[in-house]
Structures are given as C-alpha cells and as structure tokens.
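1. Sequence plus the predicted model coming up.
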Amino acid sequence: MFQIFFISFFNKLKKNYIKISILFIKVKNMKAFYIKLIFLILSSLIISSNCTYPVAIFHGIGDFCLRPGMSNIEKFFSNKLNKVYTKCIETGGSFKDWFTSFESQAQKGCEAIKSDKNFSGEFSVVGISQGALLARYIIEKCDMPGKVKRYVSIGGPQMGVAKFPHCESGFICERVNRLVDKGVYFSIVQNHVGPAGYFKTHKNMENYLKYSSFLADLNNEKEVKNQEFKKRFLELEKVLLIKFTKDTMIIPKETAHFRFYNKNSQVEDLEKSQFYQEDYLGLKQLIQENKIQFLDLEGDHLNFSRDDITKYMVPILE
C-alpha cells in the first residue's frame, strides 16, 4: 500500500510543479512562498491518502460479466471505493464454465489481467463462488507484471468440493455422488468439465493428488511444494473468507474457510489439518499475522446483500 501511496503522492506533486514554479517567480516574499508550498504538498498528501487498489472481480459458475447483475456488482464496488477502476474478468461465462477445463478458465483470466494496464501494478481481487479459486490462481500462478495485495473470497470452495451440488445426503444423492467419485478423475472429465478441477475425493487422497488437474496444485498439496506459490500468497495484506451458514452448493460449506472432510467424512478443524499444520500455502502464517478475517453470513450460497458488501468487503479493499 505504501508503494501505491507514494506513487500517487509524487504524481500529484508533479502536477503541482508548474504552480510551484509560478509561485517562486511571482512571490517576492519568501515566507509567503514557503507557506503556499507547504499547502500544495499537504494537498497532494491528502489526495493521495484516499488511493485504493484497482479491483478485478471473478464471477461464479454459469454467470457472465455482461449480465446486468454482475455489471451492477462491478459498479457498486467501484462507487463504494471512490470510483476506483473495477472490472469483471471474463474467464468463460454461462455454459462454458461447465464444459471448459478449470485450468483453461484460469489461464484465460490470467491473460485478461496481463492485457489490462490498470492491473500492471498492485491490485485487489474479489472471487464469487468458484471465481474465488480463479482469483487465487491470479495471486499464486499468473505470470504478470502486477501483484495482488487484497483478496475477498465470497463462498469460494477453497479446499474443493466433495459432493454434487445440493446433494449432500439421501438415497438418490448417495448414488449420484458414488458415480461422480468413480469418474471425476478420468482425463476426459478433468479436461472438459470445469468443476471437476476442484473436486476432491477425501476418501481417496491418492487419486486426488495424482489426477487433479487444478486444485491439488493450487493448494500446494502435492509432495513437491512450490515455494513461489506460498511466497506470493504471503504477500497479501488483507484477506476476507466468507462462508454461508446454510450453503448447499459447495459441500462441505466449511471449504469456504479452508476446512474439509477427513477420511472419516467429518469436517476437520482447520488447526488440526495437515494443510494448516505444515502450512502448505502460508495460510497459518497469515492468520498469525492477523491478515485473514473469517466471516459467516446467514443463508444459502451467495446470499449476500449490498449492505454486506459495504459493511464487510469494502473495508478489506480500501
């Protein structure tokens, strides 16, 4: 934040250079000159203190950036952040989210970020549902000139999903989930079905680690850890992780807070998980540094309001 602050400050000061030069010529009384000079510098400081990082938003599955709802969210964030540059990043949209590999969607998002000069410096990312994983790909893996400093995850399946949406239990759901477990790691599924990239079979972690085309790598869960992913994640200044208390879309709902099932199908406490204890990604360190906020919002998946954006999300991005 200090870097963007000083850049903004010196840019404002540079714009006032002509005014300062004219003052030096016109003002014979040097005392008056210094008073006005101090005034111009303080004005630049005040203006610069209101600077906020540009914001990139990633939508959820089946949505698309040009939909009026997403356009309204984009505009609302911008208005609440003093008209800062805010853009929804299209990574697929509509049915393409379902039938394009998740890695391909993430790479498309990365290319969009790289081609936008507004994201060539420090910026923030907001991820809605699966968009939270796409946003995290930008944080950790996108080869870009810019750097992400703030991260808001709204109902994001951070540790993956273990079951078909809205199908946690019941006779039919059990059979559906059994079929998904058996077929999700076939290469044709991983390469052509978006959500398969973040599906996690907690009862067979060996298959997950071996055949997952996206999440196992992003979460640094494979045997060989990528220290660059962790380094970039640790550069975040502020993180907000939002879980919905009655979420039936991402199962378990606790995945939004980096929690998941153990081998006994019980949701494990974060602190007891190997992911946290060995700090694969740097989550433990960021928590210890008080850089992460965990928030529960009442309701089902993505049941949030403009008031929630204003009260909880905007302060993270300011």
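-> Okay, I see it.

2. What values do phi and psi take at residue 87?
-> The phi and psi values for residue 87, taken as degrees, to the nearest 10, are phi -140, psi 140.

3. Wait, it touches residue 58, no?
-> No. In this structure residue 87 lies outside contact range of residue 58 using C-beta atoms under 8 Å: 10.4 Å. Any C-beta I mention is one placed from the backbone N, CA and C, and that applies to glycine too.

4. Give me the more crowded residue out of those two.
-> residue 58 (31 against 19; other C-beta atoms under 10 Å).

5. Now do the contacts for that one.
-> Residues counted as contacts of residue 58 (C-beta atoms under 8 Å, 6 or more residues apart in numbering) are 88-89, 91, 109, 125-128, 131-132, 134-135.

6. Kindly report the same for residue 133.
-> Residue 133 touches 102, 106, 127, 156-158, 198, 214-215, 218, counting by C-beta under 8 Å, 6+ apart.

7. What's the first helix or strand after the host helix or strand of it?
-> Assigned by DSSP states H and E, residue 133 belongs to helix 131-140. Of the helices and strands lying after helix 131-140 in sequence (DSSP H and E), the nearest is strand 147-154.

8. low-scoring pLDDT stretches of the stretch 51-200 of the chain, where are they?
-> 51 (pLDDT under 70).

9. which stretches of it form helices?
-> Using DSSP state H, counting those that start in this stretch, the helices of the stretch 51-200 of the chain run over residues 68-80, 102-114, 131-140, 171-183, 187-190.

10. could you dump the ones you listed to JSON lines with distance to residue 223?
-> JSON lines is the format used below for the helices of the stretch 51-200 of the chain (distance: least, C-beta to C-beta, whole Å):
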{"stretch": "helix 68-80", "distance to residue 223": "39"}
{"stretch": "helix 102-114", "distance to residue 223": "20"}
{"stretch": "helix 131-140", "distance to residue 223": "18"}
{"stretch": "helix 171-183", "distance to residue 223": "23"}
{"stretch": "helix 187-190", "distance to residue 223": "19"}
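
11. Between those helices, which one is closest to residue 317.
-> helix 68-80 (7.4 Å; C-beta to C-beta).

12. about what we covered before: just the closest of the contacts of residue 58 to residue 150, please.
-> residue 125 (7.4 Å).

13. Relative to residue 235, how far out is that closest one?
-> 13 Å (C-beta to C-beta, to the nearest Å).

14. Need the overlap of contacts for these two.
-> residue 148.

15. what about the two, which has more around it?
-> Neighbour comparison, residue 125 and residue 235: the larger count goes to residue 125, with 30 against 14 (by other C-beta under 10 Å).

16. In the stretch 201-318 of the chain, where is pLDDT below threshold?
-> Using pLDDT under 70, the stretch 201-318 of the chain has no residue that qualifies.

17. For it, which segments count as helices?
-> 205-211, 215-218, 227-234, 274-277, 283-288, 306-308, 314-317.

18. Please name the residues that touch residue 230.
-> Neighbours of residue 230 in contact, by C-beta under 8 Å, 6+ apart: 220, 279-282.

19. quick one: which of the residues you listed is most hemmed in?
-> residue 281 (25 neighbours).

20. For residue 199, give its distance to residue 167.
-> 13 Å.

21. what does residue 188 give?
-> 22 Å.

22. Same question for residue 72.
-> 30 Å.

23. Residue 68 now?
-> 30 Å.

24. More neighbours: these two, which one.
-> residue 167 (16 against 7).

25. does the more buried one really touch residue 178, like I thought?
-> No. The pair residue 167 / residue 178 is not scored as a contact, 11.2 Å apart, by C-beta under 8 Å.

26. Closest one of the contacts of residue 230 to residue 231?
-> residue 282 (7.8 Å).

27. quick one: contacts for the closest one?
-> Going by C-beta under 8 Å, 6+ apart, the list of residues near residue 282 reads 230-231, 233-234.

28. Against residue 198, how distant is it?
-> Taking C-beta to C-beta, one finds residue 282 at 19 Å from residue 198.

29. what does residue 252 give?
-> Separation of residue 252 from residue 198 (C-beta to C-beta) stands at 13 Å.

30. Kindly report the same for residue 130.
-> Residue 130 sits at a distance of 7 Å from residue 198 (criterion: C-beta to C-beta).

31. neighbour-wise, which of the two wins?
-> Neighbour count, other C-beta under 10 Å: between residue 130 and residue 198, residue 130 has more, with 28 against 24.

32. Lovely, talk soon.
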